[in-house]
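1. Model the following, please.
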Amino acid sequence: MCLMLIATADPEGRDRLEQAAREASAVGLKVTVEHPPKSPWARETAARATISERGGCACSLLSDDADWNAKFWAMRPEVLDRLAQTFQSLVEEGPRHLTVEALWIGDTPRETVQLTAAEFVGLARSSRLGTRTRYELLAANERS
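-> Next up, the predicted model:
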């Protein structure tokens, strides 16, 4: 099994996500945006970016004591600042609405949490990303 750290945007946010991925990769971890299918319906396909150290899965971000049954992913302390910088860049330069998940391949989120981008970056920096949580990032003025 592999841990996938994925940021998703609406289809119309693809260009901004691609630009943000390039900028985030320069300051933090590697961010790779999936290429859309060439089919006509591709315009309706969400834009997805994976975050990792070298491309592919995010397993290398996990500490040796990480447990998929724990409430939060235990990340290696030395990657936390780069992880936070990566997300900070994605939310500053990327599309207005992003959804982020850190899930084992094939797993599904059990909870959806809405929070501001700043709150989310704080969670990433403190190794408090939920194991089965989908994060919907809101602009600060969208908080209900």
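2. only C-alpha atoms for contact and neighbour calcs from this point on.
-> Noted.
3. And for residue 59, nearest residue in space, chain neighbours not counted?
-> residue 3 (5.2 Å; Cα to Cα, 6 or more residues apart in numbering).
4. same deal with residue 89?
-> Once its chain neighbours are removed from consideration, residue 89 has its nearest residue in residue 24; the separation is 5.1 Å (Cα to Cα, 6+ apart).
5. Tally up the residues packed near that neighbour, please.
-> Burial of residue 24, expressed as a neighbour count using other Cα atoms under 10 Å, amounts to 28.
6. Correct me if wrong: it contacts residue 91.
-> No - using Cα atoms under 8 Å as the test, residue 24 is too far from residue 91 to be in contact (9.5 Å).
7. Next, please give the residue ranges for the strands of this structure.
-> Remark: strands assigned in the chain by DSSP state E are 3-9, 30-33, 47-52, 98-104, 111-116, 133-138.
8. in the fifth one, what's buried?
-> By that I understand strand 111-116. Under the neighbour-count criterion of 16 or more other Cα atoms under 10 Å, strand 111-116 has 114-116 buried.
9. out of those, who's nearest residue 128?
-> Minimum distance to residue 128 across those is 13.4 Å, recorded for residue 115 (Cα to Cα).
10. quick one, what contacts that closest one?
-> Residue 115 makes contact with 135-138, 143 under the criterion Cα atoms under 8 Å, 6 or more residues apart in numbering.
11. So what's the predicted local confidence for residue 104?
-> Looking at residue 104, its pLDDT is 92.
12. Residues in a beta bridge with it, which ones?
-> According to DSSP bridges, the partner residues bridging residue 104 are residue 3.
13. Distance of it relative to residue 47?
-> When Cα to Cα, to the nearest Å is applied, the distance between residue 104 and residue 47 equals 19 Å.
14. More neighbours: those two, which one.
-> A direct count of neighbours by other Cα under 10 Å for residue 104 and residue 47 places residue 47 higher, at 24 against 19.
15. so where is the protein shaky, pLDDT-wise?
-> When residues are selected by pLDDT under 70, those of the chain lie in 41-43, 139-144.
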